[in-house]
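[1] Structure of the sequence below:
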Amino acid sequence: MVWKKTATLLTSTSLLLAIDGPLIVFFGYLLYGIPINPKIIIASFLAVFSVYNLNKATDKAEDAINRPEMATKSTAYYVIPSLVTMSVSFMIAVSVSVFALLILMTPIIVGFLYSVKISSKLPRLKEIVGAKSVFVAFTWSLSGTFLPLTTGWVSAPRIELVFSYIFIQVIVNTILFDSLDTKGDAASGMKTLPIILGKRRTKLFLIATNSILCVWLVFCGIEGVFISYLPALGFGVFYSYVLIWHFMRGNCPRLLAEVLVDGQWFPIVILMNMRHF
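    Alright, predicted model coming up:
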């Protein structure tokens, strides 16, 4: 089927995740009301593409079980595009500001520490229970919250609200993916939260974490912040509940999970842009 081939292409090449990068930055621009800088959008796309291709190159042991169709690719197949896109991303960022470069460098540095074992005495970040989800959510939130601020500035409370919304959405998605990868992660010796907590407690943890955003929405409504965007933001919270309910039932196709989870920011941003219609 055409849709399946397209979805496979987008997920296997990290293109879907790479598109999420500028979408989340665009999300920040919209909430701040700051004019969009096309250079930042392009740089964020290239940076995310670079990080996740590097991750594929270092995750062959896990992918051999979780995503066997991807583990057959050579390391160079992922590393070379990663280095090229990383370099271009840095060049674009430095043409905007040093601040933009530092923000884009952070996910790449964390991605390197996350994926690569730099010492036999030190674990990769992904091997520390809970650290994987926290650091992945932190780097996405950092980019979505602060890259828009390279072309403008807003009050600290708004920055905190944007960061917390992105952080919770991403950490829920990351743990959902971990729950789908328990077989491969366990075989490679990794201890993710779903492996430690088990299926039932992981589901409760995800529901509780996502529910924090219900409080977030009420707070914004009371304070009169992001009012015109609240329906779209509320949809994002509801969407996460649906993902938790559906994918924690088990036996869910990996491709469908990647499309629906990684594609979550598409409807959120589209709805945000439809608020005037």
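[2] Which residue ranges of the stretch 151-277 of the chain form helices?
    Using DSSP state H, counting those that start in this stretch, the helices of the stretch 151-277 of the chain run over residues 156-180, 182-187, 193-197, 199-223, 230-247, 254-262, 265-273.
[3] and those helices, which is most packed in?
    helix 156-180 (a mean of 20; mean count of other CB atoms under 10 Å). For the C-beta atoms, the positions are set from N, CA and C on the backbone; glycine is no exception.
[4] For that helix, which helices and strands make contact with it?
    helix 15-32, helix 131-146, helix 193-197, helix 199-223, helix 230-247, helix 254-262 (3 or more CB pairs under 8 Å, 6 or more residues apart in numbering; DSSP states H and E).
[5] Let me have the helices of the stretch 151-277 of the chain in a markdown table, adding distance to Pro81 and mean pLDDT as columns.
    Output for these, formatted as a markdown table (distance: least, CB to CB, whole Å; pLDDT from 0 to 100):
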| stretch | distance to Pro81 | mean pLDDT |
| --- | --- | --- |
| helix 156-180 | 22 | 92 |
| helix 182-187 | 23 | 66 |
| helix 193-197 | 30 | 82 |
| helix 199-223 | 33 | 95 |
| helix 230-247 | 29 | 94 |
| helix 254-262 | 18 | 79 |
| helix 265-273 | 23 | 93 |
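[6] Can you add distance to Ile103 and give those back as TSV?
    TSV is the format used below for the helices of the stretch 151-277 of the chain (distance: least, CB to CB, whole Å):
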stretch	distance to Ile103
helix 156-180	12
helix 182-187	29
helix 193-197	27
helix 199-223	23
helix 230-247	23
helix 254-262	21
helix 265-273	18
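[7] Verify the stated contact: Thr202 with Leu180.
    No - using CB atoms under 8 Å, Thr202 is not in contact with Leu180, being 11.2 Å away.
[8] What is the neighbour count of the residue nearest to Asn273 when sequence neighbours are not counted?
    Spatially, and ignoring its direct neighbours in sequence, Asn273 is nearest to Leu30 (7.5 Å; CB to CB, 6 or more residues apart in numbering). Neighbourhood size, Leu30 [other CB atoms under 10 Å]: 21.
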